[in-house]
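**Student:** everything below, folded, please.
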Amino acid sequence: MKILIASILLLFCNKKAFEWYVKKFFPEEYRTSNFSDASCQLRKKLHSAVIVNLVFFAIVMIGIWYFWGIEQTVMNFVKAVSAYIALTVTLGRGGWSIQTWKGNTLSERIDRTIYKLAQYINVAILLITLYYPTK
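**Tutor:** Numbering: from 1, shown residues only. From the prediction side, this is the model:
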């Protein structure tokens, strides 16, 4: 659970909040010489992947809605969000891989947690949209 919270803080909070949490709950990891650099690198690569994927995805979705006139409903929006998450965790993750240190540093565990969390969220959304009762 601590890794999950650290992952969420890395993604959505500022650097100080993330480092305060890590210092409190992972003091031995915080003291390593490359912790700050590795976490900043991971944050930059995650945010970069999200932005690049969002631009690509928006262009494709605008084209789809323009040429095929897909109805703009809440359920279609949820399906589009699910596809965006799938794009980010599959294509984007290749762009945010980090240098490994035997696969067990805090940054690497956070990286794996973010990937798993995104996959679980995506599967849940896909299942909901697949089995949502249609009219």
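**Student:** report the longest helix in the chain, please.
**Tutor:** In terms of residue count, the longest helix belonging to the chain (DSSP state H) is helix 35-68.
**Student:** chain center to that one, what's the gap?
**Tutor:** Relative to its chain's centre, helix 35-68 lies at 10 Å (C-alpha atoms, centre = their mean, to the nearest Å).
**Student:** which secondary structure elements does that helix contact?
**Tutor:** helix 2-12, helix 15-25, helix 74-87, helix 93-95, helix 106-131 (3 or more C-beta pairs under 8 Å, 6 or more residues apart in numbering; DSSP states H and E). C-betas here are computed from N, CA, C, even on glycine.
**Student:** run the last query once more with 7 Å
**Tutor:** On a contact count with 3 or more C-beta pairs under 7 Å, 6 or more residues apart in numbering; DSSP states H and E, helix 35-68 meets helix 2-12, helix 74-87, helix 93-95, helix 106-131.
**Student:** turn those into JSON lines, columns for mean neighbour count, distance to Lys23 and mean pLDDT.
**Tutor:** Output for the helices and strands packed on helix 35-68, formatted as JSON lines (neighbours: other C-beta atoms under 10 Å; distance: least, C-beta to C-beta, whole Å; pLDDT from 0 to 100):
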{"stretch": "helix 2-12", "mean neighbour count": "17", "distance to Lys23": "11", "mean pLDDT": "85"}
{"stretch": "helix 74-87", "mean neighbour count": "16", "distance to Lys23": "31", "mean pLDDT": "80"}
{"stretch": "helix 93-95", "mean neighbour count": "13", "distance to Lys23": "27", "mean pLDDT": "56"}
{"stretch": "helix 106-131", "mean neighbour count": "16", "distance to Lys23": "11", "mean pLDDT": "77"}
